[in-house]
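1. the amino acid sequence is not available; the structure is as follows:
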């Protein structure tokens, strides 16, 4: 299914930002992602389906840039197998027909479920951070994400440019925007939001434009060592944070080691104090996705279809309190 086929003609837009590791091609990833999001809304809020279907939908895809890094490291990727397994995970999640069945009882029954990775990262990461070894840990676990923080490489510049182009295009349309970022994609999203807020080359045109809703899923932004490497981290208070987000909703799954520090409201409370964001909400969920026969609490499919994400989107789709900005005429 093409991006045009899953997009509508309303003045609301959804922009997805994927995370680290190999990813299917843009249209395949988008097709699966939108199918998961739509399934969650159809299950819990069927009256919102029309609003969801008519939304304009885009993806900031940089899977080719990540794959180039991983291939050079000798990593291999079977895209057909990955797509097939994602489909299997989605089909299994679609069989759960009630939101109340996304709880701990069902989660505890998943094959291969383990809290060990999150526990290890939660204990070791602060210790390694104190010793200055946090970045080496990232390089060991996620070489592509580590490259994002490598100042000698242009990977981060290219990735941010991909998102910046998509986000600015939606802002130029005058759309009401929800930005949905998964995993390390939330770091990319944060940096681009900061650039649009404070970069001299972008601020004049985009500094006053807002993202109505930013949803982060399985985000590592709660890690203090990651925070020190964000754009603006060394700036003074007035230029430290993005100023273009109205509401921020952060969803973290049990045992997802990527978001081992699973709350962001405490880390970014100064944004509230400075009145540069209206709200930062944290939610803890159980991600019921099974990938390759084992529980995968970081799975994007499991996040997208979850009742909490469905509710956040449904509430936004039903909100008519913000008057939409007229679209530009081209």
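-> Now that the structure is in, tell me what you want to look at. On a predicted model such as this, the values are computed, not experimentally measured, just so you know. Numbering: from 1, shown residues only.
2. switch to C-alpha atoms for all contacts and neighbour counts from now on
-> OK.
3. helix or strand with the lowest mean pLDDT in this structure?
-> None of the helices or strands of the chain scores lower by mean pLDDT, DSSP states H and E than helix 116-130, at a mean of 47.
4. show me what the longest strand along the chain is packed against.
-> In terms of residue count, the longest strand belonging to the chain (DSSP state E) is strand 245-253. Contacts defined by 3 or more CA pairs under 8 Å, 6 or more residues apart in numbering; DSSP states H and E place strand 245-253 against strand 211-217, strand 279-285, helix 307-318.
5. run the last query once more with 6 Å
-> Judged by 3 or more CA pairs under 6 Å, 6 or more residues apart in numbering; DSSP states H and E, the packing partners of strand 245-253 are strand 211-217, strand 279-285.
6. what angle sits between the helix or strand hosting residue 157 and strand 211-217?
-> Here residue 157 is covered by helix 155-173, with elements defined by DSSP states H and E. Angle between the axes of helix 155-173 and strand 211-217 is 140 degrees (criterion: axes from the mean of the first three to the mean of the last three CA atoms, to 10 degrees).
7. can you lay out the helices and strands packed on strand 245-253 as a markdown table showing distance to residue 74 and mean neighbour count?
-> What follows is the helices and strands packed on strand 245-253, written out as a markdown table (distance: least, CA to CA, whole Å; neighbours: other CA atoms under 10 Å):
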| stretch | distance to residue 74 | mean neighbour count |
| --- | --- | --- |
| strand 211-217 | 29 | 23 |
| strand 279-285 | 35 | 17 |
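8. re the thing from before, give me the distance from the helix holding residue 157 to the chain's centre.
-> Relative to the centre of its chain, helix 155-173 is centred 15 Å away, using CA atoms, centre = their mean, to the nearest Å.
9. what does the very next helix or strand once past that helix contact?
-> With elements assigned by DSSP H and E, the helix or strand that comes after helix 155-173 is strand 176-182. With CA atoms under 6 Å, 6 or more residues apart in numbering as the test, strand 176-182 has contacts from 12-19, 211-217.
10. picking that back up, could the helices and strands packed on strand 245-253 go into a markdown table alongside mean pLDDT and distance to residue 165?
-> As requested, the helices and strands packed on strand 245-253 are arranged in a markdown table below (pLDDT from 0 to 100; distance: least, CA to CA, whole Å):
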| stretch | mean pLDDT | distance to residue 165 |
| --- | --- | --- |
| strand 211-217 | 98 | 15 |
| strand 279-285 | 98 | 26 |
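11. what sits closest to residue 145 if chain neighbours are left out?
-> Closest residue to residue 145 apart from its sequence neighbours, by CA to CA, 6 or more residues apart in numbering: residue 20 at 6.3 Å.
12. check the gap between the one you found and residue 229 for me.
-> Per CA to CA, to the nearest Å, residue 20 is found 17 Å from residue 229.
13. so the two - more neighbours on which side?
-> Shown here are residue 20 and residue 229; by other CA atoms under 10 Å, residue 20 has more neighbours (18 against 13).
14. just say helix, strand or coil for the more buried one.
-> Here residue 20 is coil, with the state taken from DSSP: H, G, I helix; E, B strand; the rest coil.
15. returning to what we had before: next SSE after the longest strand of the chain?
-> helix 269-273.
16. quick check: end-to-end length of stretch 287-297?
-> Terminal-residue distance, stretch 287-297 (CA to CA): 5 Å.
17. which residues outside that stretch are in contact with it?
-> 89, 107, 110, 111, 112, 113, 253, 256, 302.
18. ok so, going back, mean confidence for the helix holding residue 157?
-> On average, the pLDDT along helix 155-173 is 97.
19. what helices or strands is it leaning on?
-> Contacting helix 155-173 under the criterion 3+ CA pairs under 6 Å, 6+ apart is no other helix or strand.
20. model confidence at residue 309, what's the number?
-> pLDDT, residue 309: 98.
21. now do residue 314
-> Model confidence at residue 314, given as pLDDT, is 98.
22. could you find the closest non-adjacent residue to it?
-> Ranked by CA to CA, 6+ apart and with sequence neighbours excluded, the top spatial neighbour of residue 314 is residue 48, at 6.2 Å.
23. residue 280 versus the residue nearest to the spatial centre of the chain, what's the distance?
-> By CA atoms, centre = their mean, the mean C-alpha position of the chain lies nearest to residue 181, the distance being 1.5 Å. Distance, residue 181 to residue 280, using CA to CA: 15 Å.
24. same thing with residue 308?
-> From residue 308 to residue 280 the distance is 15 Å (CA to CA).
25. ramachandran angles for residue 55?
-> When read as degrees, to the nearest 10, the backbone of residue 55 gives phi -70, psi 150.
26. isn't it up against residue 13?
-> Yes. Counting by CA atoms under 6 Å, residue 13 is a contact partner of residue 55 at 5.3 Å.
27. with neighbour numbers in mind, choose between these two.
-> residue 13 (25 against 21).
28. specify the beta-bridge partners of that one.
-> Beta-bridge partners recorded for residue 13 (DSSP bridges): residue 56, residue 177.
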